[in-house]
Structure formats: structure tokens, C-alpha cells
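A.B. asks: coords please:
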Amino acid sequence: MTDKFPFGEGASINMPPLFSGVNYQFRKARMKIFMHSTDKGIWETIENGPFIPQVKRDEVLIDKPSSDWTEVESKKAKFDWISKNIITSALSCDEFFRVSQCSSAKEMWDILEVTHEGTNDVMRARKHALIQEYEIFRM
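C.D. replies: Sure thing, here's the model as predicted:
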């Protein structure tokens, strides 16, 4: 049965898709959809980093003490914890230990992305190698 369904037999709207280190592009797209469907603020935390309420004192922005946060600020700040929970719930043991020391969900996402896709330079080099291989094959 595993040959017929290489990514499992289906999906759940309640659980993020499990990632064991194989087929990162598929998992990345599914995780993005899962996070958007849960709450738009969760994906914004992945893209922009955690929300940290700040206050201006003496023309300088400083982090606001958590005891002074409004209800809206608390909810926005909580998105980072929710995002971290979703990401870690979707990882195999090996992948979990790769990101377990990260301080934010954005950092976790970025580490997984660089690990499984490479940097922009690596992706560009892979693309050029594939184009060159195709052109040699065509000849």
C-alpha cells in the first residue's frame, strides 16, 4: 500500500503533514496551506518573525513588558508559539532535533528551508547544472 500512496493515505485538516526529510517541496507547500487555513497570523509569523510589542521611550523603541501587553498584542505574540508547535508536531525525530534549539518559528522554517533546498546560490547552481545536462542530452 505504501507504493500506491508514497505520502500516506490522506490528509487531516487537524494535523499538519508529517515530514521525515523526504520530498521537502511537497511538504513545504502542504505546511503553508495548513498554516494559512489555521490562521493567517500564523503564516505571517513564519514570514516576518515573531511579533514583539514595543513602546517608545525617550525616542527609542524598547520591548514592552509582557504584563503591559493588550489582548490583541498577546494574541499576535502567541502566533509564534502556535507556529512552533505546528512545525515541531510535523517533524520526524531527526528533523525535530535539527530545529529544537531555535528561538522562533521563522528561524525553524529558515533552517529547514536551507537544509533541504539550499541557499539561493545553491539553487541557482542546481538549475544551471540541470539546464546544461538537458542541453547535452538534446545534442
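
A.B. asks: wait, residue 76 sits on residue 52?
C.D. replies: No - using C-beta atoms under 8 Å, residue 76 is not in contact with residue 52; the gap is 9.3 Å. C-beta: built from backbone N, CA, C; applies to glycine.

A.B. asks: who has more neighbours, these two?
C.D. replies: More crowded of residue 76 and residue 52, by other C-beta atoms under 10 Å: residue 76, with 18 against 15.

A.B. asks: the helix or strand hosting the more buried one - contacts with which helices or strands?
C.D. replies: In this assignment (DSSP states H and E), residue 76 forms part of helix 71-89. Other helices and strands packing on helix 71-89, by 3 or more C-beta pairs under 8 Å, 6 or more residues apart in numbering; DSSP states H and E, are helix 24-38, helix 40-48, helix 93-99, helix 105-117.

A.B. asks: what's the burial count for residue 41?
C.D. replies: Residue 41 - counted by other C-beta under 10 Å - has 16 other residues nearby.

A.B. asks: residues in contact with the closest residue to it other than its chain neighbours?
C.D. replies: Of all residues not flanking residue 41 in the chain, residue 79 sits nearest, at 4.5 Å (C-beta to C-beta, 6 or more residues apart in numbering). Residue 79 sits next to 39, 41, 42, 44, 45, 50, 51 when contact means C-beta atoms under 8 Å, 6 or more residues apart in numbering.

A.B. asks: the third one against residue 81, yeah?
C.D. replies: What it means is residue 42. No - Residue 42 sits out of contact with residue 81 when judged by C-beta under 8 Å, with a separation of 10.1 Å.

A.B. asks: show me which of the two is the more surrounded one.
C.D. replies: Each of residue 42 and residue 81 has its neighbours counted (other C-beta under 10 Å); residue 42 has more, 20 against 13.

A.B. asks: distance check, that one against residue 78.
C.D. replies: 10 Å (C-beta to C-beta, to the nearest Å).

A.B. asks: how about residue 56?
C.D. replies: Separation of residue 56 from residue 78 (C-beta to C-beta) stands at 23 Å.

A.B. asks: cool, residue 97 as well?
C.D. replies: Taking C-beta to C-beta as the measure, residue 97 falls 25 Å from residue 78.

A.B. asks: equivalent analysis for residue 51, please.
C.D. replies: Separation of residue 51 from residue 78 (C-beta to C-beta): 9 Å.

A.B. asks: many thanks, I have nothing further to ask.
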